[in-house]
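[1] got a predicted model here, sequence first, then my questions.
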Amino acid sequence: EADGPKLIEVNTNAGGAFLIAPLARAQRSCCQDAGQSRGRTDADQFESAVLQMFQSEWSRQGRSGSPRRVAIVDDDPEAQYLYPEFVLAQRFFERHGIEAVVADGRHLLYDQGTLQVGSGPIDLVYNRLVDFALAQHAALKSAYLDGAVVVTPNPRAHALFADKRNLTLLSDPEQFRLFGVGPEEVQVLATGVPRTITVTPGNADELWTKRKRLFFKPAGGHGSKAAYRGNKLTRSVWAQITTGSYVAQAFAAPGERAVLVDQSSEFLKADIRLYTYAGGVLLAAARLYQGQTTNLRTPGGGFAPVFQV
């Protein structure tokens, strides 16, 4: 937008980074414009930064040394669109001397204080489940609550950072002033986070009237599922929104990027995903798409590396 980029959401289990990093390195080697990026890039340092991240999560959750066996966990992982990324993550751990398996979250077993899958115990779970509270994964939840396994990202991280109701606070400058936050920080938040409010029976009529300028998202949603641009809403969908746990966010128009598809130039919508940890950026990626929300189905779209030139 004219007044700068907008932070529209925070995710704790965002996929794609293990795919984007090698793509960025390859593209910089073969493409002139990418090769002009300044110095070492995030992609060059990605592997060492991610290894440090997992080690930090290990030590922050009360462990010493390093994990011996890691499980990369999702439901039916081989059927997931990003399964190749799980395999890349597995190879990443193995390169650094850590045994790793890709596992179905429903096949984990917790017995006598040990979380297990396949042939042995699990020390750390790289969690890619979208059951953010682990409500449908009793073994993993029990092991996590008992401190028997390190889980990252975990339910606490999701509640603190990724529940979309947090955006109602991040976009409320008056509340931050009451907290004593400085005026410069308040101004950054006010301009960088679109105003977001919780949908309630009390404000439903007003939000319906203003819907064309809003975007509606489920508080615990993921992957743009059940998220709706207000100008596309039907009454039946609106009924679902007003009876569910939703937030309404001021619509922030995506950028556009010209892409060559089948020898013809097309403009696709673009947003930027920053993979971060402990206040630092690990990697930047773009998502290119058409339609209401980001997706991996648009011809010529999907993930793309980002270069500073």
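    Looks like it arrived, so ask away. Numbers count the residues shown, from 1 in each chain.

[2] in the protein, which helix or strand is least confident?
    Here the helix or strand of the chain ranked lowest by mean pLDDT, DSSP states H and E is helix 32-35, holding a mean of 56.

[3] immediately after that one, which helix or strand?
    helix 42-60 (DSSP states H and E).

[4] in that following helix, what's buried?
    Asp42, Ala43, Phe46, Ala49, Val50, Leu51, Met53, Phe54, Gln55, Glu57, Trp58 (16 or more other CB atoms under 10 Å). Just so you know, the C-beta spots here come from the backbone N, C-alpha and C atoms, and that holds for glycine as well.

[5] same check, this time on stretch 231-241
    Buried-residue list, stretch 231-241, by 16+ other CB under 10 Å: Leu233, Trp238, Ile241.

[6] out of these, which is nearest to Trp208?
    Trp238 (6.4 Å; CB to CB).

[7] re the thing from before, turn the buried residues of stretch 231-241 into CSV, including secondary structure and distance to Val259.
    Listed next are the buried residues of stretch 231-241 as CSV, based on DSSP: H, G, I helix; E, B strand; the rest coil; distance: CB to CB, whole Å:
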residue, secondary structure, distance to Val259
Leu233, coil, 29
Trp238, helix, 34
Ile241, helix, 32
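
[8] just the helices from the protein, written as ranges.
    Ranges of helices in the chain, per DSSP state H, are 17-30, 32-35, 42-60, 83-95, 138-145, 155-157, 166-170, 173-178, 183-192, 204-209, 235-243.

[9] between these, which gets nearest to Gly4?
    Once the helices of the chain are compared by CB to CB, helix 183-192 is nearest, at 6.3 Å.

[10] helices or strands next to that closest one in the packing?
    helix 173-178 (3 or more CB pairs under 8 Å, 6 or more residues apart in numbering; DSSP states H and E).

[11] buried set for the helix it packs on?
    Quick answer for helix 173-178 (16+ other CB under 10 Å): Pro173, Phe176.

[12] please save the CA atoms from it in CSV.
    Presented in CSV, the C-alpha positions along helix 173-178 are these (Å, rounded to 0.1, in the frame of the first residue of the first chain):
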residue,chain,number,x,y,z
PRO,A,173,-2.8,2.2,19.5
GLU,A,174,-4.8,3.6,22.5
GLN,A,175,-4.3,0.4,24.4
PHE,A,176,-0.6,0.5,23.8
ARG,A,177,-0.5,4.1,25.0
LEU,A,178,-2.1,2.9,28.2
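
[13] is it true that Pro218 touches Thr243?
    No. With contact defined as CB atoms under 8 Å, Pro218 does not reach Thr243; the gap is 11.7 Å.

[14] compare those two (neighbour count), which wins?
    Pro218 (18 against 11; other CB atoms under 10 Å).

[15] and the spatially closest residue to that one that is not a sequence neighbour, how many neighbours?
    Using CB to CB, 6 or more residues apart in numbering and skipping the chain neighbours, the partner closest in space to Pro218 is Ala226 (5.0 Å). Neighbour count of Ala226, defined by other CB under 10 Å: 17.

[16] distance of Ala226 relative to Pro155?
    20 Å (CB to CB, to the nearest Å).
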